[in-house]
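Peer 1: Provided below are the primary sequence and the corresponding predicted coordinates.
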Amino acid sequence: MARKKISSTVYITPEQNERLKLLHERTKVPIAVFIREGIDLVLKQYENLLPGQVALIPEASSPSPPPPGVAVPGSKKEP
């Protein structure tokens, strides 16, 4: 069963738009799916800044986020 989604407005650059369209054409994956996956990657990257339970065993510090446009290894949709 799919989770309920809420609507949100996101402003992207024309270049991002074109690249997302091309990715969609080649993969047939909806652009919204890529945007949600990108949000999940950012939330995972910065999870140490979000409220939650404190780990009993401290994990290694999170690495710095990659520069814009750099592919992230291990993402769900790699070419």
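Peer 2: Good, I have the coordinates.
Peer 1: host element of E37?
Peer 2: For E37, the host element (DSSP states H and E) is helix 31-45.
Peer 1: what comes up buried for that helix?
Peer 2: By 16 or more other Cβ atoms under 10 Å, the buried positions in helix 31-45 come out as F34, L41. In short, each C-beta sits where N, CA and C put it, glycine included.
Peer 1: Now do that helix: which elements does it pack against?
Peer 2: Counting contacts by 3 or more Cβ pairs under 8 Å, 6 or more residues apart in numbering; DSSP states H and E, helix 31-45 is packed against helix 14-27.
Peer 1: and the gap between S7 and E15?
Peer 2: Using Cβ to Cβ, to the nearest Å, we find S7 at a distance of 24 Å from E15.
Peer 1: just K5 next, same as before
Peer 2: In terms of Cβ to Cβ, K5 sits 26 Å off from E15.
Peer 1: L43 reaches L50, doesn't it?
Peer 2: Yes: counting by Cβ atoms under 8 Å, L43 touches L50, with 7.3 Å between them.
Peer 1: tell me the SS of V10?
Peer 2: Secondary structure, DSSP: H, G, I helix; E, B strand; the rest coil: V10 is coil.
Peer 1: Model confidence at the closest residue in space to H24 that isn't next to it in sequence, what's the number?
Peer 2: Distances taken as Cβ to Cβ, 6 or more residues apart in numbering place I31 nearest to H24, at 5.2 Å, with adjacent residues excluded. Note for I31: predicted pLDDT of 97.
Peer 1: same thing with E78?
Peer 2: So E78 comes in at 46 (pLDDT).
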